[in-house]
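Visitor: Here you go, sequence then predicted model.
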Amino acid sequence: MLALRSLAERQTDQMNREMSAAVDHLYGLPRFTKKNSLAHTRRLLELLGDPCEKRRIIHVAGSNGKGSVCNFLYHMLLAGGVSAAMFSSPHLMDIRERFSINGELVGEEEFLSAYDRVSEAVQTLTEWGEPYPTFFEFVYAIAMVLFEEAGATYVILETGLGGRLDATNSFSSPELTVITQIALEHTEILGETIEEIAKEKAGILKAGVPVVCAADTPEAFRVIAAHAAELGCPVTAVLQAEEEDLSPELSPLLSDEHEISETFCRISKINENSIDFSLSSDYDKKIIWRVPGRALYQVENAALAIEAMRLFCRMPDEVLKAGLLEAKWPGRMQEVLPEIWFDGAHNPAGITAFLESARELTKEDAFPPLLLFSMVKEKDLATSAKLLAAGMPWDTVAVTTIPEDRGVDPETIAALFSRDADRMPENTRARNVECFYDCREAFFQMRDRKQKRQKLFCTGSLHFIGTLMEILEEEIGGKYGF
């Protein structure tokens, strides 16, 4: 018995070493850098036998909400009893979170097998004189291998950065595309205007393939609709609206000869742990849908997923409803402890949506909320801080850094919240701004300071939220992510 136990322990140690080596290798690859060409990714996939080429694919792009839309789609497919897989990013704590198959986290053995298979193909590729894949290109190839080996019938693909040149766009024949909200992000790569960024995101459209897209931003929707018209893609436009009345900028587009239909979503009731909403379209008028959680921004994401599923495989609405309720998505306005909320808002549009939900959550609280904030270098820190400072009457803003080279010095962040920061209205600034160099210390100090009927919000980056979740698991116990 002792020998058997020792053997099992040795096998576990060996597995841990192999996982650590694989993850260290992947983390050492270039990230947020120049992509290789789509032709390069296609050659890598060809070496792997074109995995998933016969799968039914939904391809999702956008600035905010694309991970949530993928998650809704995935759980609605699972509720329908079919075999489904999802490739998403980023992960919060474990790289295997990026690969979901039939409701389960991919096992370490399966991950390492796929990693080895891709590594062999990459070696052949480099022997031909081709460049080495980036981090995202490598993990995308791992996903395709995993999904093929699992025999998944349906695959949900989330783009990484952009769309047109994204590695996931090497897949030639999706059955449906979805584009979520477009916002200014990665302007040094994607373009400096909404229109330029929308053009990059719309690059996932394929000739004749239907597209479901958020249409609340007219300058983005004009670009998407024009590109869809060029490719002959039917368009379903999803908008949040109190009344079925389009803005003057959108009305001409929807009356154009090109096939564009519209769906309006509106909140009907905010419950303790869910939100009820309705859709108005040619398809239905009276059905009430329910999305879990208290994030107001998830209503439009759920509406996009519902309309996409109706086009994709026409499952009964009761199945779609059941899938929505199962779709928990960590780090998106998630209450991890009583009155302590994590949200991965990481750009100005995401911060704006976060503030809308935070105001709703705190409107009956006895005390102004606390904020713990950090952001990574490549994001629009100044605008995000300005929005947060002016968006709510915070009791205290604590700023910290993410413990890696992408983190920003907390004093730099704190300066953006200070009382002498440019153009900050006096009555909207936090009463206190505190600076922490250790995010662990920052979290526990703010947690311990929180009073009853006072909320603590932590936001600024999904990577930051993942770090906080790891701290919770280590110090408190329990699972706060997956």
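Guide: Arrived safely.

Visitor: helix, strand or coil for the closest residue to P393 other than its chain neighbours?
Guide: Once flanking residues are discounted, P393 sits nearest to P368: 4.9 Å by CB to CB, 6 or more residues apart in numbering. C-beta: built from backbone N, CA, C; applies to glycine. Put simply, P368 is coil when judged by DSSP: H, G, I helix; E, B strand; the rest coil.

Visitor: Low-confidence stretches in this structure?
Guide: 1-5, 7-8, 32-33, 185-191, 242-258, 281-285, 419-431, 477-482 (pLDDT under 70).

Visitor: tell me, what residue is most central in it?
Guide: Centroid check for the chain by CA atoms, centre = their mean gives G67 as the closest residue, at 3.1 Å.

Visitor: Without its sequence neighbours, what residue ends up closest to that residue?
Guide: Spatial nearest neighbour of G67, chain neighbours left out: S88 (5.3 Å); criterion: CB to CB, 6+ apart.

Visitor: And the strands in the stretch 251-400 of the chain, which stretches?
Guide: Ranges of strands in the stretch 251-400 of the chain, per DSSP state E, counting those that start in this stretch, are 260-270, 274-280, 288-292, 334-337, 340-343, 370-373, 396-399.

Visitor: tell me what the fourth one is packed against?
Guide: In other words, strand 334-337. Packing partners of strand 334-337 (3 or more CB pairs under 8 Å, 6 or more residues apart in numbering; DSSP states H and E): strand 340-343, helix 462-475.

Visitor: do the first one as well
Guide: Taking 3+ CB pairs under 8 Å, 6+ apart as contact, the helices and strands that strand 260-270 lies on are strand 235-240, helix 251-254, strand 274-280, helix 298-312.

Visitor: Dump the strands of the stretch 251-400 of the chain to a markdown table, plus distance to N102.
Guide: Shown next, in a markdown table, are the strands of the stretch 251-400 of the chain (distance: least, CB to CB, whole Å):
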| stretch | distance to N102 |
| --- | --- |
| strand 260-270 | 29 |
| strand 274-280 | 25 |
| strand 288-292 | 20 |
| strand 334-337 | 23 |
| strand 340-343 | 27 |
| strand 370-373 | 36 |
| strand 396-399 | 40 |
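
Visitor: what residues are up against the residue nearest to G67?
Guide: Going by CB atoms under 8 Å, 6 or more residues apart in numbering, S88 touches G67, C70, N71, E97, R98, S100, I156, E158.

Visitor: highest average neighbour count across the helices and strands packed on strand 334-337?
Guide: Among the helices and strands packed on strand 334-337, ranked by average contacts under mean count of other CB atoms under 10 Å, first place goes to strand 340-343 (a mean of 23).

Visitor: Parallel or antiparallel, which strands does that strand pair with?
Guide: Strand 340-343 sits in its sheet next to strand 334-337 (antiparallel), strand 456-459 (parallel), going by DSSP bridges.

Visitor: Ok, which of those comes nearest E196?
Guide: strand 456-459 (26.7 Å; CB to CB).
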